[in-house]
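K.L.:
dropping a prediction and its sequence here:
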Amino acid sequence: QRIGLQLRATLENITRLRAEGEDFRWYLKLKCGNCGEVSEKWQYLRLMDSAPLKGGRGSATMVQKCKLCSRESSIDILSQTIKPYNPVDFQPQAGFAAEGAESGTPFNDINLLEKDWNDYDEKTKESVGIYEVTHKFVKC
């Protein structure tokens, strides 16, 4: 099952907001595809991570056993997996990057944990910001 994560935000004098690098941490809450147990803590996935699937069936970004039913499940950022965990919540944190809309000034390591971020673009003498960040999951 493929699930897409869509972010929405109001951008002020800023463009090309993106998750930067293979070490970007996608913080999610996951639900077991077998028993429906939802993780209590935020867990993160990174493109750089890989774990072997049971029985030599390749690898996935994350492979773990459910604490309730002990079913081994996996989730993969890039490809479909067997018995995937389903993301039920997402928390943006650090590691986003963007650029000044007019100036191209780079803004790195933007933290969206508070769902709002602002700074000042010295080149254009304007404030820049990302506000009202929301998200939703969609089936792809």
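P.N.:
Perfect, thanks for sending it. Numbering: from 1, shown residues only.
K.L.:
ok, now how distant is the residue of the chain positioned farthest from its centre from Trp26?
P.N.:
Residue farthest from the centre of the chain, counting by C-alpha atoms, centre = their mean, is Lys125 at 31.3 Å. Per C-beta to C-beta, to the nearest Å, Lys125 is found 35 Å from Trp26. Every residue, glycine included, has its C-beta placed from N, CA and C.
K.L.:
can you check Ser39 too?
P.N.:
Taking C-beta to C-beta, one finds Ser39 at 14 Å from Trp26.
K.L.:
which residue packs closest to the spatially most central residue of the chain, ignoring adjacent ones?
P.N.:
Residue closest to the mean C-alpha point of the chain, counted by C-alpha atoms, centre = their mean, is Trp26 at 3.0 Å. Ranked by C-beta to C-beta, 6 or more residues apart in numbering and with sequence neighbours excluded, the top spatial neighbour of Trp26 is Leu45, at 4.6 Å.
K.L.:
ok, that neighbour - contacts?
P.N.:
Arg25, Trp26, Leu28, Thr61, Met62, Ile75, Ile77 (C-beta atoms under 8 Å, 6 or more residues apart in numbering).
K.L.:
got those as JSON lines, with distance to Pro106 columns?
P.N.:
As requested, the contacts of Leu45 are exported to JSON lines (distance: C-beta to C-beta, whole Å):
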{"residue": "Arg25", "distance to Pro106": "20"}
{"residue": "Trp26", "distance to Pro106": "22"}
{"residue": "Leu28", "distance to Pro106": "27"}
{"residue": "Thr61", "distance to Pro106": "28"}
{"residue": "Met62", "distance to Pro106": "30"}
{"residue": "Ile75", "distance to Pro106": "31"}
{"residue": "Ile77", "distance to Pro106": "25"}
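K.L.:
surely Val138 touches Ile3?
P.N.:
Yes: shown here, Val138 and Ile3 form a contact pair, counting by C-beta atoms under 8 Å, at 7.2 Å.
K.L.:
for these two, indicate the residue with more neighbours.
P.N.:
Ile3 (14 against 9; other C-beta atoms under 10 Å).
K.L.:
so the more buried one bridges to which residues?
P.N.:
Lys139 (DSSP bridges).
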